[in-house]
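1. Got a predicted structure plus its sequence, pasted below:
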Amino acid sequence: MARFTLIRLAVNRTSSAGASHPDASRRRIWLLAWPIILSNITVPLLGLVDTAVMGHLPDSRYLAGVTLGATLFSFLYWGFGFLRMGTTGLTSQAVGRENDSDVRNLLGQSLLLAGMIGVLLILFSRPLIGLGLWLLGGSEVATALAAEYAEIRILSAPAVLANYAILGWFLGQQNSRVTLAILVLTNAINIALDLLFVVGLGMTSDGVAWATVIADYSALAFGLWLVSRQLKLLDGHFLRSRLLALAAYGELFAVNANLFVRTLGLLFAMAFFTSRGAAQGDTVLAANAVLLQFIMLTSYALDGFAHAAEAIAGRAVGSRRWDEFGQAVKSAAWLSLVTAGAAALAFALGGQWLIALLTGLPEVRETAAVYLPWMVLMPLIAVWSYLLDGVFIGATAIREMRNSIFAGLAAYLPTWWLTQALLSDSLTNHGLWFAFILFAAVRSAVLGAYYLHHRRTRWRA
């Protein structure tokens, strides 16, 4: 077996025995999680700057156009998030096997796949953008500006998807600080160029789009530089048979295809929730949007622990160290549950204040307050699906994740229909929230059942 040398943080040199101790395992999870949590916080910061820059232009149509365009790309790129997740799971298992060649060639395969998908998105950008903006349903003026923004922004598709692969590759090696460094650099450049192009040079929505494109390619250049340093520490070399033969992509395609289906299911669940809220009027739509921000805030922390679990669980699966695997899951579960409990308590005690912070409209505040109890419940239920998604990605048990989405949708949609049929108009949004939380609960239950089954059968010595 090739000598396996990587750039290591202190957490990566933990011995198998130490990693199985609860305190050591929790420290290890935390050291991996905090850079991810911190990097997640930079995402809404960029959105705030985009909104502030556009919001100070004399015509509100520019803000509407950028909002529509940015929403379109959020959904589009989220759909290709499998490039990050699949790369993490397979790389972490290769790390566990101490196979430098697999680690190296998985990166090459993921980058080539990301590049091909990115080029295809550019080639088919006009119909994709047209369809996406039609589905979002903005005004004619806002849609025209969003199309102009999107035609520029799509040029960064290869860079965005390649960055997903790079982030997943480093996370699979338990180096989460690279994630923080790349995202901080991306957003810092983006914010600086927003101000230069729009405030300094007088550009409008096109300036925001070009700022994002330049920032994405700058992040790719920085990421590739970090990759080149890392590759010098790995034995072996890139293999033509692994990179250019379609048959060699079998495992990567299988993992990514199921992740893609799973992500489409999540996107559908979110889009359905938004559209059914919109059907109840603008006030309900706005109130639901405010409360969904609470879910996003919670996800920033819970994603950090889930990503840490991905890397450690995947490495343990690759090395067949099942005690370490079990302890990593327990430690991540403990930290996740504490965080979810803190979030639920914060929403219960300070939810009204948070709502007021997010909106100044009295009718939206009052409506959101009516549905606030669902937010207290949501973190305690959804925490398990966040955590177990990470565990299953690390173990590359992706079909189980896909099946949990199907099971969740099978409960979500009929329950929504029944609540709309049986409840009065004043309670229909409560029915929508109940169905949405049931979706999360069923996902958590299915993944939990799979986990217990695999621990008794596959994931044990």
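-> That came in fine, so what should we check first? For clarity, every value in this text was computed on a predicted model and none was experimentally measured. Numbers count the residues shown, from 1 in each chain.
2. Could you measure from residue 33 over to residue 136?
-> As judged by Cβ to Cβ, to the nearest Å, residue 33 and residue 136 stand 34 Å apart. For the C-beta atoms, the positions are set from N, CA and C on the backbone; glycine is no exception.
3. more crowded one of the two?
-> The neighbour count for residue 33 versus residue 136, taken as other Cβ atoms under 10 Å, is higher for residue 33 (24 against 17).
4. State the distance from that one to residue 77.
-> Residue 33 is 23 Å from residue 77, by Cβ to Cβ.
5. And residue 36, by the same measure?
-> In terms of Cβ to Cβ, residue 36 sits 18 Å off from residue 77.
6. Which residue of the two possesses the greater neighbour count?
-> residue 36 (24 against 16).
7. what's the helix or strand for the more buried one?
-> Assigned by DSSP states H and E, residue 36 falls within helix 22-55.
8. Tell me which other helices or strands the helix or strand following that helix touches.
-> Heading C-terminal from helix 22-55, the first helix or strand you meet, by DSSP H and E, is helix 61-79. Other elements packing on helix 61-79 under the criterion 3 or more Cβ pairs under 8 Å, 6 or more residues apart in numbering; DSSP states H and E are helix 22-55, helix 125-136, helix 140-153, helix 205-231, helix 250-278.
9. Where does the prediction get shaky in the chain?
-> 1-21, 42-52, 54-56, 58-60, 137-138 (pLDDT under 70).
10. how many other residues sit next to residue 400?
-> Other residues near residue 400 come to 20 when the count uses other Cβ under 10 Å.
11. show me what contacts it?
-> With contact set as Cβ atoms under 8 Å, 6 or more residues apart in numbering, residue 400 has these partners: 392, 446, 447, 450.
12. What strand or helix carries the last one?
-> Read that as residue 450. In this structure, residue 450 is located in helix 428-456 according to DSSP H and E.
13. so that helix versus helix 250-278, what angle?
-> Taking axes from the mean of the first three to the mean of the last three Cα atoms, to 10 degrees, helix 428-456 and helix 250-278 form an angle of 160 degrees between their directions.
14. buried sites along helix 428-456?
-> By 16 or more other Cβ atoms under 10 Å, the buried positions in helix 428-456 come out as 428-447, 450-451, 454.
15. How many residues are close by the closest residue to residue 172 other than its chain neighbours?
-> Of all residues not flanking residue 172 in the chain, residue 91 sits nearest, at 2.8 Å (Cβ to Cβ, 6 or more residues apart in numbering). Residues lying near residue 91 (other Cβ under 10 Å) number 29.
16. same question, residue 250
-> Look at residue 250: counted by other Cβ under 10 Å, it has 10 neighbours.
17. next SSE after the strand or helix carrying residue 352?
-> Remark: residue 352 resides in helix 322-358, with elements defined by DSSP H and E. Counting by DSSP H and E, the next helix or strand C-terminal to helix 322-358 is helix 362-370.
18. What is that following helix packed up against?
-> Applying 3+ Cβ pairs under 8 Å, 6+ apart, we find helix 362-370 packed against helix 282-319, helix 322-358.
19. mind listing what's buried in that helix?
-> Using 16+ other Cβ under 10 Å as the test for burial, helix 362-370 gives 364, 365, 367, 368, 369.
20. Tabulate those residues in JSON lines, adding columns for distance to residue 262.
-> Shown next, in JSON lines, are these (distance: Cβ to Cβ, whole Å):
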{"residue": "364", "distance to residue 262": "33"}
{"residue": "365", "distance to residue 262": "35"}
{"residue": "367", "distance to residue 262": "32"}
{"residue": "368", "distance to residue 262": "30"}
{"residue": "369", "distance to residue 262": "34"}
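21. Just name the closest of the residues you listed to residue 295, please.
-> Closest approach to residue 295 among those (Cβ to Cβ): residue 368, at 12.9 Å.
22. Disregarding residues adjacent in the polypeptide, which is nearest to that closest one?
-> Sequence neighbours aside, residue 287 is the residue nearest to residue 368 in space, at 4.0 Å (criterion: Cβ to Cβ, 6+ apart).
23. Around the one you found, how many other residues sit close by?
-> When neighbours are defined as other Cβ under 10 Å, residue 287 has 27 of them.
24. who are the neighbours in contact with it?
-> Listed by Cβ under 8 Å, 6+ apart, the contact set of residue 287 reads 364, 367, 368, 370, 371.
25. before we move on, back to that, and the helices and strands packed on helix 61-79 as a markdown table, adding distance to residue 162?
-> Compiled in a markdown table, the helices and strands packed on helix 61-79 are given as follows (distance: least, Cβ to Cβ, whole Å):
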| stretch | distance to residue 162 |
| --- | --- |
| helix 22-55 | 17 |
| helix 125-136 | 17 |
| helix 140-153 | 16 |
| helix 205-231 | 6 |
| helix 250-278 | 15 |
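26. Tell me the secondary structure at the residue nearest to residue 396 when sequence neighbours are not counted.
-> Nearest residue to residue 396 in three dimensions, chain neighbours excluded: residue 89, at 4.5 Å (Cβ to Cβ, 6+ apart). At residue 89 the chain is in helix, as set by DSSP: H, G, I helix; E, B strand; the rest coil.
27. Tell me how many other residues surround residue 355.
-> Using other Cβ under 10 Å, residue 355 has 23 neighbouring residues.
28. And residue 247, by the same measure?
-> For residue 247, the count of nearby residues is 6 (other Cβ under 10 Å).
29. and it, that's in a helix?
-> Yes: with three-state DSSP as the criterion, residue 247 is located in a helix.
30. Tell me how far it lies from residue 156.
-> Residue 247 is 31 Å from residue 156, by Cβ to Cβ.
31. ditto for residue 113
-> Counting by Cβ to Cβ, the gap from residue 113 to residue 156 is 17 Å.
32. So which of the two has more stuff around it?
-> Counted by other Cβ under 10 Å, residue 113 and residue 156 do not tie: residue 156 has more neighbours, with 25 against 22.
33. for the more buried one, helix, strand, or coil?
-> Under three-state DSSP, residue 156 comes out as helix.
34. residue contacts, residue 280?
-> 428, 429, 432.
35. Try it again at 6 Å.
-> Counting by Cβ atoms under 6 Å, 6 or more residues apart in numbering, residue 280 touches residue 429.
36. Over to it: give its phi and psi.
-> Reported as degrees, to the nearest 10, the phi and psi values for residue 280 are phi -90, psi 0.
37. One more: residue 234?
-> Given degrees, to the nearest 10, the pair of backbone angles that residue 234 has is phi -100, psi 140.
38. Please tell me how far it sits from residue 104.
-> Here the criterion is Cβ to Cβ. By it, residue 234 lies 5 Å from residue 104.
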